[in-house]
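Undergrad: Model the structure of this input:
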Amino acid sequence: MRAYFNLDANDFPVTVEHIGAEWPQDQIIRYQGFPHFHWLQTEKGVGDFWIGDTHLVLPEKAGVLVSPGVAHRYESANINEPWEVIFVTFQGKFADDFNQQMMNHDYVYIPPERGVEFVQQVEKIIATLDSNPVDNEWVSALSYYLLLSLGREESYHVNVNHPDFICYVKPAMTYMSENFATQLTITSVAKHLNVTPQYLDRVFQKIMHLSPQEYLLQIRISHAKKLLVSQKHLRVVAVANESGFRDAAYFSRIFKRETGVTPLNFRKWQT
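TA: This next block holds a predicted model:
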C-alpha cells in the first residue's frame, strides 16, 4: 500500500492532491460528490461504482474519472474478496477548468483493455514522489498528462471526426462555453451557426446524445459549483447571475434538481 495525501499544489496549473496504489478500498458514499476530479481504478478484485442511477462494474484495470461535485458511491463487488485500487485526485486551476475537455459529462469510464497505460502513468507519478528531493515540476507535468489522457478517452464515446461534429456541434460547444454567462439561448446559438434551432438540436443529440439545452445547463451548473466553492463571499444571487441565470429562485430550484441539494448546502458541504 503506497499513498500520498494533501499534497501542496505549489501554484501549478495541474498536480495531484491525493494519490495511492494497492489501496484496500472500503465502501465510500459521497452524496455531494468530491470537490475535484477523481480517478479510481481497480488493481485487484472487482468494484461496484454508482453515479446516480448508473451502475458501473470495475474489474481489474477498469477505472472511472468522476467530475467534481457529482454524487457517487463505490464498494467491493464481493464482501469476501478484497478490492484494491489506484486512486488519484487532481488540483490546480487547469484541473478545475477541465470540464470542457470532458465535454461536461459527469464521468468517463475506462474499460480494462484501455486501462493498462493509466496504471503505468500513475506509477510514474508515485515513483517521482518517492524520490528525494521530489521534482514537483515533473509531478505536475505527469499529472497534467494523466488528466489530459483520461479526458481524451471521452472521444471514444463521441465521434469527433464526424462532419456534423466538426461543422456544428464543436462550434456550438465553444460558443456556449464562451457566452454561457450572458442571456444565451439555443436560438441565438443556432443563429450564430446559420442553422435552425431544430437542426442544431437534431445533430447535437445525434452526436452527443443530449440536447444543446442540456449541454448549456451543464456548463452553467458546473460554473456555479466552482463559484460556490472558490468564491465563498458571493451571494447566491451573484452566483446565479455569473452563471447565466437571471433569477436566483429559478437558479436555486434548477441547482437542487440537478445536484440534489441547494446552492448554500452545496457550498457548506464542499468546503
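Undergrad: got the buried residues for the helix or strand that contains S177?
TA: Using DSSP states H and E, S177 falls within helix 170-179. Neighbour counts over helix 170-179 (16 or more other C-beta atoms under 10 Å) mark K170, A172, M173, Y175, M176, N179 as buried. (Each C-beta comes from the backbone N, C-alpha and C, glycine too.)
Undergrad: Determine which two of those residues are furthest apart.
TA: Within those, K170 and N179 form the most distant pair, 15.0 Å apart (C-beta to C-beta).
Undergrad: gap between D11 and E17?
TA: For D11, the distance to E17 (C-beta to C-beta, to the nearest Å) stands at 14 Å.
Undergrad: ugh, typo on my part, it should be D8
TA: Separation of D8 from E17 (C-beta to C-beta) stands at 9 Å.
Undergrad: H223 now?
TA: H223 is 21 Å from E17, by C-beta to C-beta.
Undergrad: and after the helix or strand Q218 falls within, which helix or strand comes next?
TA: With secondary structure defined by DSSP H and E, Q218 is part of helix 212-230. Scanning forward in sequence from helix 212-230 by DSSP H and E, the next helix or strand is helix 236-242.
Undergrad: Can you list the buried residues in that following helix?
TA: V236, V239, A240, N241, E242.
Undergrad: Helices along the stretch 101-250 of the chain, start to end?
TA: Secondary structure of the stretch 101-250 of the chain (DSSP state H, counting those that start in this stretch): helices at 116-130, 136-152, 163-164, 170-179, 186-192, 197-208, 212-230, 236-242, 248-259.
Undergrad: most packed of those?
TA: A comparison of these by mean neighbour count, using mean count of other C-beta atoms under 10 Å, puts helix 212-230 on top with a mean of 20.
Undergrad: got the angle between it and helix 248-259?
TA: Here the directions of helix 212-230 and helix 248-259 differ by 100 degrees (axes from the mean of the first three to the mean of the last three C-alpha atoms, to 10 degrees).
Undergrad: Taking helix 170-179 as reference, get the angle to helix 212-230.
TA: Counting by the same axes, to 10 degrees, helix 212-230 lies at 40 degrees to helix 170-179.
Undergrad: Helix 212-230 to helix 197-208, inter-axis angle?
TA: Helix 212-230 and helix 197-208 are oriented at 70 degrees to each other (the same axes, to 10 degrees).
Undergrad: and helix 212-230, what does it pack onto?
TA: Applying 3 or more C-beta pairs under 8 Å, 6 or more residues apart in numbering; DSSP states H and E, one finds that helix 212-230 contacts helix 170-179, helix 186-192, helix 197-208, helix 236-242, helix 248-259, helix 263-270.
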